[in-house]
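**Student:** Here is my input; please provide its structure:
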Amino acid sequence: MFSEVYRSAFLRSLAWAVEQKGFSIRDAYKLALRNSPVDLGLWNVKVGNKPDDWPYVLNQESDIDTVPSSIWGKVYEIWSKQQASKSNLVQASGIVHSSDNLVYHLQITGVLQRCIGKEGPDIEELYDHLESDEFEFGASKLFFNGRLKNEDQIEGIRSGDWLIIPMTKNIWPATIPRWQFWRMNSIYLPHGALIEEPLDYKCTEDSIQILKQGVLVGEWKDWMHGFSEMADANLPPNAGHTLYLNREFIQTLCDEMGMTLSWLCKLSCFSRDYSYGKYKSSVYYDKFGGSSIILL
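**Tutor:** The predicted structure follows:
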């Protein structure tokens, strides 16, 4: 109740600032959009069910925690199968196991990779760099559709003798869609600096489509599994998302930059000894793909 009072007061203050103090109407409009609890484009995108090939692991049968090894095995299967697919997974996140006192959450981040020496990478270091990359707001309107910013350049990230370039960027709608809170911080679209020609994105009934000159080159979708209104504040929601790009589109990028597609993966574990205890967290990292051939 009080939050709505505060938002109402903020919006009335914005109106006063525009009328009485000459505050920029454009800036006021952007700030007003941040108070909207819903994006009308995203509101019409249906949430799907957990994909059949998502590496979800059911309850373990022994006291020994074998969930991580099972998850990594399933991730490898997805990586192997997509080598012959027309589209490739380049960004994903979601729950991969949930039981009474144990929860696992997986993040898959696609990058372009080149090897310039013998020393291997520190995956945790690379992930820290990727997660520190600033998010970006989409077009200033109530519908999440528009054109990705065509940035001048993108800086490579180096760890050991691996050089990587992120393929995606976290894009927020102009609103703060708290009525669809699981979608906050979960929308990843192709990085605008990867190609010279602009990419458009638009919401449809089933997905967010990524278009190049009107031709579909990728899709973002999200899903739920065992989702409920009641949730632990210290755990990620029982939901997830995927971003697929056309293999031909990815191969063109690889050929132009002399790089190859690789996955960097982060597996977060949340565990507790008793149902009334606090969750402890730990993190595991791994990589899939990538070339060890030295390219200068």
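
**Student:** use CA for all of it now, contacts and neighbours both
**Tutor:** Noted.

**Student:** and stretch 279-286, what's its mean pLDDT?
**Tutor:** In this model, stretch 279-286 has a mean pLDDT of 93.

**Student:** Over to stretch 54-68?
**Tutor:** 76.

**Student:** And that stretch, end to end?
**Tutor:** 14 Å (C-alpha to C-alpha, to the nearest Å).

**Student:** mind starting the numbering at 45 from now?
**Tutor:** Sure thing, new numbering starts at 45, so read that last one as stretch 98-112.

**Student:** Pull the contacting residues for G270.
**Tutor:** N282 (C-alpha atoms under 8 Å, 6 or more residues apart in numbering).

**Student:** how about it, secondary structure?
**Tutor:** Following DSSP: H, G, I helix; E, B strand; the rest coil, we place G270 in the coil state.

**Student:** Give me the helices and strands touching the longest helix along the chain, please.
**Tutor:** Of all the elements of type helix in the chain, the one with the most residues (DSSP state H) is helix 46-65. Contacts defined by 3 or more C-alpha pairs under 8 Å, 6 or more residues apart in numbering; DSSP states H and E place helix 46-65 against helix 69-77.

**Student:** returning to what we had before: give me the contact list for the longest helix of the chain.
**Tutor:** Under C-alpha under 8 Å, 6+ apart, the answer for helix 46-65 is 67-69, 72, 76, 79.

**Student:** of those, buried ones?
**Tutor:** 72, 76, 79 (16 or more other C-alpha atoms under 10 Å).

**Student:** Helices of this structure, start to end?
**Tutor:** 46-65, 69-77, 84-87, 111-125, 167-175, 291-301.

**Student:** Make TSV out of the ones you listed and add distance to L243.
**Tutor:** What follows is these, written out as TSV (distance: least, C-alpha to C-alpha, whole Å):
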stretch	distance to L243
helix 46-65	33
helix 69-77	23
helix 84-87	18
helix 111-125	26
helix 167-175	22
helix 291-301	12
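
**Student:** Return the most buried member of these.
**Tutor:** Each of these was scored by mean neighbour count; the highest is helix 84-87, a mean of 18, by mean count of other C-alpha atoms under 10 Å.

**Student:** could you give the mean pLDDT of that helix?
**Tutor:** Per-region confidence: helix 84-87 scores 92 on mean pLDDT.

**Student:** D250: how many residues sit nearby?
**Tutor:** 15 (other C-alpha atoms under 10 Å).

**Student:** my guess is it meets K265, correct?
**Tutor:** Yes. Counting by C-alpha atoms under 8 Å, K265 is a contact partner of D250 at 7.2 Å.

**Student:** shared neighbours of the two, anything?
**Tutor:** Residues touching both D250 and K265 by C-alpha under 8 Å, 6+ apart: 91-92.

**Student:** So for stretch 254-270, could I get the coordinates as CSV, restricted to C-alpha?
**Tutor:** C-alpha atoms of stretch 254-270 as CSV (Å, rounded to 0.1, in the frame of the first residue of the first chain):
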residue,chain,number,x,y,z
ILE,A,254,15.4,-11.2,-33.2
LEU,A,255,15.3,-10.0,-36.8
LYS,A,256,18.0,-9.0,-39.3
GLN,A,257,16.5,-7.1,-42.2
GLY,A,258,13.1,-8.7,-41.4
VAL,A,259,14.5,-12.2,-41.3
LEU,A,260,14.3,-14.2,-38.1
VAL,A,261,17.8,-15.0,-36.7
GLY,A,262,17.0,-15.8,-33.1
GLU,A,263,14.4,-16.3,-30.3
TRP,A,264,14.3,-15.7,-26.6
LYS,A,265,11.8,-17.7,-24.5
ASP,A,266,11.2,-18.3,-20.9
TRP,A,267,9.6,-21.1,-18.8
MET,A,268,8.4,-22.1,-15.4
HIS,A,269,8.7,-25.4,-13.5
GLY,A,270,7.1,-25.9,-10.1
